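Got a sequence here, can you model it:
(chains A and B)
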Amino acid sequence: MGTFILRRLILSIPVLLGILFLTFALTRLLPGDPCRAALQEKATEEACNAFNQRYGLDRPITVQFKIYLQDFVQGDLGTSIKYNYSVMRLIVERLPTTLELSIMAMFFAVAVGIPLGLLSAYYHNSSIDIGTMVIANIGVSMPVFWLGLMLAYFFAVVLKGTPFVLPPSGSQSPGMQIQPFYEAWGLNIEPARSSVWAFISNMTITNAALAGDWAGFKDGFRHMILPMVALGTIPMSIIARMTRSSLLEVLGQNYVKTARAKGAYERNVVLNHAFRNAMLPVVTIIGLSLGSLLSGALLTETIFGLAGVGSALYDAINGRDYTVVQAFTVIIAVIFVIINLLVDVLYVFLDPRIRLN
Amino acid sequence: MTDEPMLKVENLRTYFFTRGGTVKAVDGVNFEVKRGQVLALVGESGCGKSMTALSIIQLVDKPGKIVEGTVIFDGENLLERNRSQMTEIRGKRISMIFQEPRSSLNPVIRVGKQLDEVLKLHYEDMDKHERRQRVIQLLKDVGIPDPERRANNYPHEMSGGMAQRVMIAMGIACEPELLIADEPTTALDVTIQAQVLDLIRKLRDEMQMAVIFITHDMGVVAEMADDVAVMYAGTIVEHAAVGSLFEEPMHPYTQGLIASIPILGEFKDRLEVIPGTVPSLIDMPPGCRFASRCKARVEHNLEKCLHEEPELLEVREGHQVRCWLYEENA
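The predicted structure follows:
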């Protein structure tokens, strides 16, 4: 298993190089230039030359790429042209929110989608089946932004004054101050703005949980419910439909008949014999939908006013902030590569027929 | 051996309610099996053999439904049991093995664990260690070499013959009173077939099980069975002891089946065939179901066959046949 993972990691190096090259080339191909975007249209030729020199944009493109690669290998992602501080710091500020949102949305999608699919297959062709599939089909066809707006309207406006009201924007209530967890633990560290400590403490809910701040946790969680549902609905629907069709197929297999002939209860047949076999295609779908989740996060963050990667990336593209665009694209790609690796590893555990060598 | 039948099936009817109409897969089947006896159910594909077997243990998939009949097992009508009560019977007192051994085993569970599951389901007082011992012993009983290692195999790591042995081990794990074997040798090559047949026979002798053996291979029938029931289009057309049936097959369909067996060393230009195909089970013609393919009907110029369905008549002692040719003999 160790060698399998190692080999897969080595194989992802060329993928990573390709991604680095593509993002580099594509950002350079964008019309417009960073100087005018940062210093506005009225910037003089001299000012722009100085600007380009400062960020190394006056050098030949091949040299720029070489420097970019060298810095990348050393862990230096460059300096944001727009904010004029290191890209790493921007990542530490923005990525935690997106990560937390994506993980929660995926959790929601799996935790709701798989049981829905199971129910649907178990009660095949009944009203339960039809009902769940109607929900799944509506869910899969609904644009994220529309669902987000409707959820925000319903839970924040219509239900205002009831106990079910939910906040439609931000990641915590105004005035809510959660101590960073390392301070709550009494650790005497002064974290830099781009450290692992800062990264973890920027995940609102995780930080509150680690710090033992129950009110903060509850508040953060309530803020995340609507974005989570908005972002998770499409993958949830896809997972539900996939679980259903996969399980129905497996339930027609001979070994399911054998399990029944053994005297196993129907629930045992479905959960122990059919479920694991049916999960194989579902795992693939889960891995793939994580990719679309990251892109859906952009819209969700915009609607619910969350300061995540999505909005930062959007700003960076508009501002021709090359380094930021490159860095975020590469990070998303790396996450995607890692998830695919995890899916492959999970496959080996689920299906003994897949040989490692 | 007692004379009381272990299993008595009476007037069993299993229909499939499809959009195209009602498919009468099993349409009024009667037979009985005694302890230690092997009954062969013979017939071509789609004649209702497997459905008869699945109806006995109530594993007929939707849209199929048992619409009529009784299945008396050890004095009790199984069709009166509900779903959860049937799980106590399946695997413990009546077990069934299937045609495709490798697809009949769950591909993601080790064979030892699949065997263990039967014991776990039916013997609550057995602990893990005892069950492991029993699993190894069962694998040894069905002739699997190196059973300790084989128990940890996944089905895809086994050959078809080995997998079928595992299926048989699973079938006999709880020492059932009745074993239903649905074409257990069809997917295996000939030398393995012989071994599997020997194994089933040996286990039958040792454990005095009743066996229902489903096959379309008359050679296997001759080797295995005590009694034979020949099925055609959802009904039994001839039922006799194996010797009587091979010596003097009465129903034109049975005669055709036996004539179609190639004999080793004998040269024929063409193998004998039964002309035509089984009529649609949805709109069965009136009269005898075999009439349209029957040579004897033409030879004897029988009109009745086309309009009136014959009864299963006892023509000689222990030899029943459903054919108008023997009307006077009954």
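
Near chain B, which residues of chain A are found?
Residues of chain A lying near chain B by Cβ under 8 Å from any Cβ of the partner chain: A:252-255, A:257-266, A:273, A:276-277, A:350-353. (C-beta placed from N, C-alpha, C; glycine too.)

if I pick residue 250, what's in contact with it?
Chain wasn't specified; assuming chain A. Neighbouring residues of A:Val250 by Cβ atoms under 8 Å, 6 or more residues apart in numbering or on different chains: A:256, A:274, A:277-278.

oops, chain B please
B:238, B:240, B:315, B:319, B:321, B:323, B:325-326.

cool, A:Ile189 as well?
Here A:Ile189 is in contact with A:182, A:197 (Cβ under 8 Å, 6+ apart).

how close does it get to chain B?
47 Å (Cβ to the nearest Cβ, to the nearest Å).

So for that residue, what's the pLDDT?
pLDDT recorded at A:Ile189 is 75.

Can you give me the buried ones in the lengthiest helix in chain B?
In chain B, taking DSSP state H as the definition, the longest helix is helix B:190-207. Using 16 or more other Cβ atoms under 10 Å in any protein chain shown as the test for burial, helix B:190-207 gives B:192-193, B:195-197, B:199-200, B:203-204.

Beyond it, next helix or strand please.
The helix or strand immediately downstream of helix B:190-207 is strand B:210-215, counting by DSSP states H and E.

And the next helix or strand after that next one, what's buried?
Using DSSP H and E, the helix or strand that directly follows strand B:210-215 along the chain is helix B:218-224. By 16+ other Cβ under 10 Å, the buried positions in helix B:218-224 come out as B:218, B:220-224.

same check, this time on stretch A:138-155
So, applying 16+ other Cβ under 10 Å, buried residues of stretch A:138-155: A:139, A:142, A:144, A:147-148, A:151-152, A:155.

Could you do stretch A:285-304 as well?
Quick answer for stretch A:285-304 (16+ other Cβ under 10 Å): A:285-290, A:293-294, A:296-304.

can you check stretch B:124-140 too?
Buried-residue list, stretch B:124-140, by 16+ other Cβ under 10 Å: B:131-132, B:134-136, B:138-139.

quick check, nearest of the contacts of B:Met250 to B:Ala151?
Nearest to B:Ala151 among the contacts of B:Met250 is B:Ala240, at 42.4 Å by Cβ to Cβ.

excluding its backbone neighbours, what's nearest the closest one?
B:His319 (4.1 Å; Cβ to Cβ, 6 or more residues apart in numbering or on different chains).

For that neighbour, grab the count of nearby residues.
18 (other Cβ atoms under 10 Å in any protein chain shown).

ok, it touching B:Gly243?
No: between B:His319 and B:Gly243 there is no contact under Cβ atoms under 8 Å: 10.3 Å.

In space, what's closest to residue 294 - neighbours in sequence excluded?
Went with chain A since none was named. A:Ile332 (5.4 Å).

try again with chain B
Closest residue to B:Cys294 apart from its sequence neighbours, by Cβ to Cβ, 6+ apart: B:Pro252 at 4.9 Å.

how about the one you found, what does it touch?
B:Pro252 sits in contact with B:290, B:294-297, B:323, B:325, where contact means Cβ under 8 Å, 6+ apart.

How confident is the prediction for it, by pLDDT?
Value for B:Pro252, per-residue pLDDT: 91.

Check the spacing between the nearest residue to B:Thr18 once chain neighbours are set aside and B:Arg19 real quick.
Closest residue in space to B:Thr18, ignoring its immediate chain neighbours: B:Pro63 at 6.0 Å, by Cβ to Cβ, 6+ apart. As judged by Cβ to Cβ, to the nearest Å, B:Pro63 and B:Arg19 stand 9 Å apart.

more neighbours, those two?
Each of B:Pro63 and B:Arg19 has its neighbours counted (other Cβ under 10 Å); B:Pro63 has more, 13 against 5.

That one is in contact with B:Phe16, isn't it?
Yes: here B:Pro63 lies in contact with B:Phe16, judged by Cβ under 8 Å, at a distance of 5.5 Å.

check contacts around the residue of the stretch 1-150 of chain B found nearest chain A.
Closest contact between the stretch 1-150 of chain B and chain A, by Cβ to the nearest Cβ, is at B:Gly91 (3.3 Å). Going by Cβ under 8 Å, 6+ apart, B:Gly91 touches A:261-264, B:118, B:121-122, B:173-174, B:176.

Need the max-distance pair from these.
A:Ala264 and B:Pro176 (15.4 Å).

now the chain, which segments are flagged as low pLDDT?
This is for chain A. A:194, A:355-357 (pLDDT under 70).

ah, I was thinking of chain B
Using pLDDT under 70, the flagged stretches of chain B are B:1-3, B:329-330.

how does the chain divide into domains?
If you meant another chain, say so; for now it's chain A. A:2-73, A:87-350 (automatic domain parsing).

other chain: chain B
B:101-173, B:252-326.

Name the stretch among those domains that sits most buried.
A comparison of the domains of chain B by mean neighbour count, using mean count of other Cβ atoms under 10 Å in any protein chain shown, puts domain B:101-173 on top with a mean of 19.

and the end-to-end length of that one?
End-to-end distance of domain B:101-173 (Cα to Cα, to the nearest Å): 16 Å.

quick one: is that domain near chain A?
Yes: applying Cβ under 8 Å from any Cβ, one finds that domain B:101-173 is in contact with chain A at B:103-109, B:117-118, B:121-122, B:154, B:156, B:167, B:170.

Which two among these are spaced furthest apart?
Farthest apart among the residues of domain B:101-173 next to chain A - using Cβ to Cβ - are B:His122 and B:His156, which lie 27.0 Å from each other.
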